[in-house]
Structures are given as structure tokens and as C-alpha cells.
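# fold the stuff below for me.
(2 chains)
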Amino acid sequence: MSVPQYRKAAALALVAGLGFSLTACSTKSDDKDTNAGGKVTITVDCQPVGAQKELLKNWNDDVAEFQRQNPDIVIKSVSVGEQCNNPPDFTARLAGGTVTDVFYGYMTDLQQVLDSGQAMDISPHVNKDAIPTWDSVDPALKEAFTDGGKLYAVPVKNYSMGLVYNKVLFQQAGLDVNNPPKTWGEVRAAAKKISALGNGIAGYSEYSAGNTGGWHFTSLLYSQGGQVLTADGKKADFNNAMGKQVLQNLKDMRYGDNSMGARQLLQWGDLLTNAGAGKVGMFIGAPDATQAIVSQFQGKFQDWAMSPLPGQDGLAKGTLGGGEGYFFKKDLTPEQVKAGLKWIAYQKLTPGKGQFDYVRAKPQNYPVGLPQPLLFANGSEAQKQELELRKANANVDTANFAIFEATPVPIKGEPRNAQAVYAVLDAAMSGVLTNPNPNSNIDALLKTAEEKVNQLLAAES
Amino acid sequence: MAITTVPGTTRKPGRPTPPHTGPQRTSLGRKVRDNLTGHAFLIGAVLCFVVFSWYPMIRGIVMSFQRTRRGETTWVGWDNYSRIISDPSFWPAWQNTLYFTVLALVLGYAVPFFVAILLNEFRHAKGYLRILVYLPVMLPPASALYLFKFYAYDPSEAGLFNAILKALHLPTSQWMQSAEMTMPAMVIASTWMNMGGAVLIYLASLQNIPGELYEAAELDGAGIWKRIRHVTIPQTRLILALLAMIQIVATMQLFIEPLILANGAGAEDSATSVAYLIYQHGFFQNDLNGAAALGVIMLVVLAGFSAAYLRLSAKQD
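Down below sits the predicted model:
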């Protein structure tokens, strides 16, 4: 072949290759519905990642067992990262329409999911026949995934925040591990003693970046009895004595006592990394924060305990709660919805199976005995079964969570447009935690944040 | 020596082709046929641009005039623009971005030029020194920034920079935790990360300056500063201008530095850049349309600088 002919052949091959590639990209998978064997196939996300070996094996075992019990259903698992819902990835999947048939989301994602037009109303499909424990599921959690009387997701996990504390550091600082702080004043005193241990240990640690500062400000404000937005959701409602008290408490610990460590602008992984390294005495978090400390940040379960969220003068007046669930992609066939519900019922909502298979979890490096999730309503049959199984198979010292469990604090949900509001409140948190100027003005920080949130809400409406 | 001919390229004897005398009327199809190979190779590049650059750009512009709610997309005119401009973080983000751009011009632009002049003066180990200067460019930006975040900018006295300041009996800094120091600290890290490429371009340009000019200047009694001022700068002014434009366009897209060094917005929003605000709106605040509008505003601003760059580039050619 001559040189020009080679060139032509190469060029044609290139064009053909590109053509095939584009065709391949644009070809939709058509195996999502019913395949030749009459089986119903559904894709489900939030499969554990490879690094979570035991969890991944559990998931795959569950899939195999479920498919054995339901030979007409095929579950195709998709892993979307360890966190399952990293907001940027989640947004991209929603916008690109690449979410799986049954997809994981937070309670606060409902509005975004509805706006994207990716979820279907599953109210006609969800009942006791589809999910045997459905009547036992806490109605408040169902409500969190309901809009205009229509249900869009099945709740599978929930949390509420309390005070997580390191027992080892408590003991070293001469504090009573069985009598953790109940008020913010006591937290301050304990933090001072713990930070006096030196070696870079923070008595109390707090977020102030990546929207997590605003998230925790909300919980701290709830503990004072406050709310982030007015009841109608149209105005900011934190620039008041309670909001000021939240920031004042932090400022007193950060610069009054120097008990919050040198490094600030922390977000989720930063704080838990420090906690795993034994450098944090106390922080606010959900029970599963201890699981993250152990499984992702090399901490030890036996080091950690939890108590209710402190209040200003007594028990907290409220705490932040949230949770997660599975949405169903629009345009699924009724058979696919039925199959999806059956899978969730099996893997997420049946005591003794899937996430509640405590017998299987007991010897693994994942905690059994944490007071979470609290999916089932108090006194319900499913709750009784789940609690019995949890108690019988606990592999963590349940006494570490006994005070938290025995002292319930009223749970409040996240505000409307939570992430945008949190982004604004981050600045107030970082302002108070990074500005050593004793004259730095809490009033000004809150006033600025209030103006910004009001502007945001006005623009949204 | 034997002469080889590529088969099929030798002209056969015969009647010569008459020269074209009238207006050439070549159809598009003919043009394509005449250059089939070239066009075929071009298709790949054009398709890449269409799929990965032009289509997303046009889609972004279209989205900036739409609003998607409940799966329904409607045209909303300039609403997204007015909404995004009234975002309380809009003007601070532009201020921060412009501040970074100006600081980067002062530091990130001047430093590589003087490093290049310095390297050009060395008679020995030039190659090693160039590799040394270029080394940070080879580090992935995220890794380089994490090095700064955890080692150089640690606010305690264990931090590298604070240890140096302490050794020199100078006051230490909170670095990224100080609203005042956030931008300068980001510029220092960014300059260290990126200057290698600029230094090499300056060096190439410096080596094109005829040696006689320096000799003449020396004979006239010019010292080093006068030589730089009257020979080096005038001789490299086009490259300097070009790199200034590239730098402005690049620094105004400031994103990874705040994301990693400041965990996003930084102390009291001191690190929020326009690109970071786009990211916040698009990926955290359920506002892809607002993010698109802000992206278009940024596109218009950068288009101005890019036009200046193209003009300079044409001049350089």
C-alpha cells in the first residue's frame, strides 16, 4: 500500500472508530426491564466499595440470597463511593439522568430530586404487602420523604445528634466517663481540662467549612431552643440571643480557654481523622460517627461514648436529626417498582436480615449495639424484634450509649434549602473560630449571615 | 544514489493540464474530496471540541435562561442572572477573585521572570536547575496543595513556614485560618506550583535575545538592572504580555486552591472565588441554572481577556 493509501486507511479507521465510539456512547442499555428469561432486572446503588471488604461481602451475599429466594428478580449493584451521596456526584447523576433504578438519597435531597424530575411517586405501591414491616416504620421518617401527600422514597436509616466523647481522654483528664457534660458550661470546663493534656489535643472540636459548620450550627442552635428559619421558612431566625449564645460558647472555648486546638476550618473528614488519632475530647455527632472513626479513621470503639446533646442550662431543647432512603427512578415498570420494594424490604427493613443481620455483623469490625438506626416506631413489633436482636448480638459496650439512648431529646429536621443556608452559616462559624481578635463581633457575624440568608430566601421565592 | 519514487506519484507523460483562466468554481464536495485524508484526520479533533467544549458551552448558555423545577424546564429570561447577581456572595466572590488575580500578577508573574533571568545567567548546572524549577509542575496540583496545607501552612508552630518565621524571630501567622492571609497564602502556593512552565518559556525567550545587544549595553556601561530594563524587557515584551494574558485567564478561574487549601470558602468567606461559587450553586444548592448564569458571566469577562491574548498572539506571529 502506498503512503497516501496508508494515510487514507488510517484516517478512515480513525473516523470509523470515532463513529463506533459515539454510537456506543449513545446506545442505551436496554436490559433494565425484563430480559428474555422473563426476569425483572433492577439496578440499585450504594453497594459498598471494595475497601469495605466485609460490608461488600455482606451486600453481595444478600443479593445472592435474595435472588435465590426470588428467582424472577435480578439485582444489579452499583457502587457510587463510600459515602453513597457525595453531593457533587449525586447532583451530576441526577442532572445527567444516570441514577440507578433504585437510588440512595438524604432526606434533605427530596426537593432536589423532585426538581430534577427523576423520581416517581411510589405511594400506590408501598404498603404492608410490599414491605411487611411498613406499618412499623416511624411515620415521621415517611413524612420526611413525602411531598404533597405523595411518597417518593422509602426511609432506611436515620440519626440524631448528641455529644460524642473520648473516654480515654476523659479519664486522663480526671473526668468521670459516666457523668459526661450536660450543659455547654460543663462542656467548656471539660474541654479545658482535656486540652490541658497537651500534645495537640482539642478538648472540644467543631466544624467550620464545607457547609458542615452551618450544619452543626443548626444543631447547636436547636440545643438552645432556636430555629434557623421562621416557621413559614421565609426569613432567617438565628440572629437572636440563642444564636449569639451558640457563637459565644465556641468563642469562649476557642480563644478564652484555647481548648479547641490550633487547626480550624475543619470539615467532616478532618475532625474524624483527628478523633481517630485520639486528638479530640468531644464533638457533636450521630452514633454512627463512632463507626466512621473506627472503620475509616483507625480509631477504637471502646474509646468512645455518647451522651445527649447538652443545653445551655440543662438538657438540650432540641437536636438535629436526619436520615436517608431509597428513591425510585421515574418510568420504572410496576414490576420493577415491586422488585425494588421487595429488595429494600429484605435488605433494609427486616429485623435479622441485611442491615439488621446482627448475627453476621457481630464478629465483623462493624458495630452492633449502637442506638441507630431508629427506623421503627416505639412499641412496634419490628422495633421489639430489632432491639432484641441488637441486644443479643451487641459487639460494642452498649453502656457507652446508654445515657444517650435513655435521654431522648426532641428531634428537629434540617431547614429548607439547607445546603445554601449552611454555606452562609459556615462564615459565621469560621469567623468565630479563626479570628483571635477579642473585639471580633459576634453580632456582626450573625447580622451578616442573617442578611445573606434572607437575600437567598427572597431570591429563591 | 538510487532515486526512489513513491508509486502513483509520478506524472505520466501526456497533454499538459491547461492553466485555469476563469474564476475557480470548486464545490464543497470537491474541496473535501481533494483533501479527504486531511479532513478525515480533522474530524476527530472537531468532534472532540463539539462534544466536550462547544456543546456544553452552548448548553450552559441555554440553561442560564431556563429554570428546571419538578422536572419541567421553562424559559425565565434574565431571572437567573438577576438572582445570581443578588446572591450575597456574588460581589465578594468577584472581589476575592480579582484580588487573587492582582496578587498573582504581582508575585506569580514577576517571580518566574526574575528566576528565568537568574537561571539564564548561570554558566554551570543549567539543566539541573531547570529541572529543579520545573519539578513542582510535575506534582499533581492536589498533592502539591495538600503539602502546603498540612506542612507549610499548619497554623501551629510546627508548621514549616511558622517554624522558619519563629527561627527568624518573626511573628508567626495563622495562614489559611486568617482572613487577611488567605489570598496571599493561596498565591504563594499557586506560584510555587505553576511557575516552572512560565520560567521555561521566559528562558527560551531570553535565549533568543542576540548576545550583541548585551555586549553593546555593557560597553556603554550598563549594569545588570539597566541591561534588564533596556534590553531584556523590551526584547521579551510580547512574551511577557502573552503570559500576562494567559495568567489572568487562568487565575480568574481560581478553584482548586480554595477547595483544598481553605476547604472551600475559607475563614469568613475570604477564599470564595467565582468558580467556587459556581460549584456551590451547581452541586450543593440545587441551582444548576444559577450556576450556568454565573458561568456565562465569567465566560464574557474571560472572553475579553482572551480576545486581547489572541490579538497579542497574532502580533507575536
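# quick one: name the residues of the stretch 201-317 of chain B near chain A.
By CB under 8 Å from any CB of the partner chain, the residues of the stretch 201-317 of chain B that approach chain A are B:262-269, B:279-280, B:282-288. Glycine gets a C-beta too; all of them are placed from N, C-alpha and C.
# can you tell me which of those residues are in helices?
Among these, the members found in helices (DSSP state H) are B:Tyr279, B:Gln280, B:Gly282, B:Phe283, B:Leu288.
# contacts only, for A:Pro163.
Not Pro; residue A:163 is Leu. Contact partners of A:Leu163, counting by CB atoms under 8 Å, 6 or more residues apart in numbering or on different chains, are A:Pro180, A:Pro181, A:Val187, A:Met282, A:Phe283, A:Ile284, A:Met306, A:Ser307, A:Pro308, A:Leu309, A:Pro310.
# which parts of stretch A:317-333 are buried?
A:317-329, A:332 (16 or more other CB atoms under 10 Å in any protein chain shown).
# do stretch B:288-304 as well
In stretch B:288-304, counting by 16+ other CB under 10 Å, buried: B:288-298, B:301-302.
# ok, residues contacting it?
Applying CB under 8 Å, 6+ apart, the contact partners of stretch B:288-304 are A:91, A:95, B:57, B:60-61, B:63-64, B:66-68, B:76, B:80-81, B:83-84, B:87, B:90, B:249, B:252-253, B:274-275, B:277-279, B:281-283.
# of these, buried ones?
For these, buried by 16+ other CB under 10 Å: A:91, A:95, B:60, B:63-64, B:66-68, B:76, B:80-81, B:83-84, B:87, B:90, B:249, B:252, B:274-275, B:277-279, B:281-283.
# dump stretch A:205-215 to PDB, keeping only the CA atoms.
C-alpha atoms of stretch A:205-215 as PDB (Å, rounded to 0.1, in the frame of the first residue of the first chain):
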ATOM      1  CA  SER A 205     -13.700  20.200  68.200                       C
ATOM      2  CA  GLU A 206     -16.100  21.800  65.700                       C
ATOM      3  CA  TYR A 207     -16.600  22.200  62.000                       C
ATOM      4  CA  SER A 208     -16.500  25.400  60.100                       C
ATOM      5  CA  ALA A 209     -16.000  24.600  56.400                       C
ATOM      6  CA  GLY A 210     -17.600  22.800  53.500                       C
ATOM      7  CA  ASN A 211     -21.100  23.600  54.700                       C
ATOM      8  CA  THR A 212     -20.600  21.300  57.800                       C
ATOM      9  CA  GLY A 213     -20.100  24.400  60.000                       C
ATOM     10  CA  GLY A 214     -23.600  25.500  59.200                       C
ATOM     11  CA  TRP A 215     -24.900  22.000  59.700                       C
END
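# now, which of the buried residues of stretch B:288-304 sits nearest chain A?
Using CB to the nearest CB, B:Leu288 is the member of these that sits closest to chain A, with 5.9 Å.
# if we can go back for a sec, so which of the buried residues of stretch B:288-304 are in helices?
Those of the buried residues of stretch B:288-304 lying in helices (DSSP H): B:288-298, B:301-302.
# from the residues you listed, which is closest to A:Leu151?
B:Leu288 (25.6 Å; CB to CB).
# sticking with the residue most central in space within chain A, tell me its helix or strand.
The residue lying closest to the centre of chain A (CA atoms, centre = their mean) is A:Gly323, at 6.1 Å. Secondary structure assignment for A:Gly323, by DSSP states H and E: strand A:319-328.
# mind checking which of the contacts of stretch B:288-304 land in helices?
Within the contacts of stretch B:288-304, residues falling in helices by DSSP H are A:91, A:95, B:57, B:60-61, B:63, B:80-81, B:83-84, B:90, B:249, B:274-275, B:277-279, B:281-283.
# give me the pLDDT for residue 119.
Looking at chain A here, since you left the chain open. Note for A:Ala119: predicted pLDDT of 95.
# meant chain B, my bad for not saying
With respect to pLDDT, B:Leu119 scores 88.
# for B:Tyr128, same thing?
Looking at B:Tyr128, its pLDDT reads 86.
# repeat that for B:Leu254.
Looking at B:Leu254, its pLDDT is 94.
# just B:Ala308 next, same as before
81.
# picking up where we left off before, tell me the one of the contacts of A:Leu163 nearest chain B?
A:Phe283 (16.4 Å).
# what number of residues lie near residue 230?
Using chain A. Look at A:Thr230: counted by other CB atoms under 10 Å in any protein chain shown, it has 11 neighbours.
# wait, I meant chain B there
Using other CB under 10 Å, B:His230 has 14 neighbouring residues.
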